[in-house]
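A.B. asks: Need a 3D model of the sequence below.
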Amino acid sequence: LQPGETVVDLGCGAGLDCILAARAVGPSGQVIGVDMTEQMLDRAKEAAHIAGVAGNTTFRLGSIERLPVRDGAVDAVISNCVVNLSPEKAAVCSEAFRVLRAGGRIAISDVVRMHELPERMKNDQALAC
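C.D. replies: Okay, the predicted model is just below:
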């Protein structure tokens, strides 16, 4: 991420990645965190305030399948272990590309299942995401 860029974080949760992104884009940049729960957005807003980046972060209630961001508004889309939770992964990808400016970037860190999981792993709560 570069100073002055606009970034959207899909499924921002408590805002840690938004804080890191806000520091990278600096005061001339903007970070938009999107989450589907008010509780997580409240935590993210508080964390951004404590971290001193509330001035260049905004948090919006919404789903990653229908982002509350206008077309072509961002330079980068980031997401950390959230896309795997969506039953509509194609919609998430469509939305990410919709909000990107020409030449924008997507950085997703997530879990990918290549093979069917054994039953013992499917039912082990310690392994739940």
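
A.B. asks: contacts and neighbour counts: CA atoms only from here.
C.D. replies: Noted.

A.B. asks: got a list of contacts for the strand or helix carrying Leu41?
C.D. replies: With elements taken from DSSP states H and E, the one containing Leu41 is helix 38-51. Applying Cα atoms under 8 Å, 6 or more residues apart in numbering, the external contacts of helix 38-51 come out as 12-16, 18-19, 34-35, 54, 57-61.

A.B. asks: Point out where this structure drops to low pLDDT.
C.D. replies: Using pLDDT under 70 as the threshold, the predicted model of the chain has low-confidence ranges 127-129.

A.B. asks: what's downstream of the strand of greatest length in it, the next helix or strand?
C.D. replies: As assigned by DSSP state E, the longest strand anywhere in the chain is strand 100-109. Heading C-terminal from strand 100-109, the first helix or strand you meet, by DSSP H and E, is helix 119-122.

A.B. asks: mind listing which of the contacts of helix 38-51 are in strands?
C.D. replies: For the contacts of helix 38-51, the ones inside strands are 34-35, 57-61, with DSSP E as the criterion.

A.B. asks: Now tabulate these in CSV and tack on distance to Leu100.
C.D. replies: Written out in CSV, the entries for the ones in strands among the contacts of helix 38-51 read as follows (distance: Cα to Cα, whole Å):
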residue, distance to Leu100
Val34, 15
Asp35, 18
Thr57, 18
Thr58, 17
Phe59, 18
Arg60, 17
Leu61, 19
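
A.B. asks: Same list (those) but as CSV, adding distance to His49 and neighbour count.
C.D. replies: Formatted as CSV, the entries for the ones in strands among the contacts of helix 38-51 read as follows, by distance: Cα to Cα, whole Å; neighbours: other Cα atoms under 10 Å:
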residue, distance to His49, neighbour count
Val34, 17, 26
Asp35, 17, 24
Thr57, 9, 25
Thr58, 11, 18
Phe59, 12, 24
Arg60, 16, 17
Leu61, 18, 16
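
A.B. asks: List just the nearest of those residues to Asn84.
C.D. replies: Using Cα to Cα, the shortest approach to Asn84 within these belongs to Asp35, at 14.6 Å.

A.B. asks: so the closest one makes contact with Leu61?
C.D. replies: Yes: with contact defined as Cα atoms under 8 Å, Asp35 and Leu61 form a contacting pair (5.4 Å).
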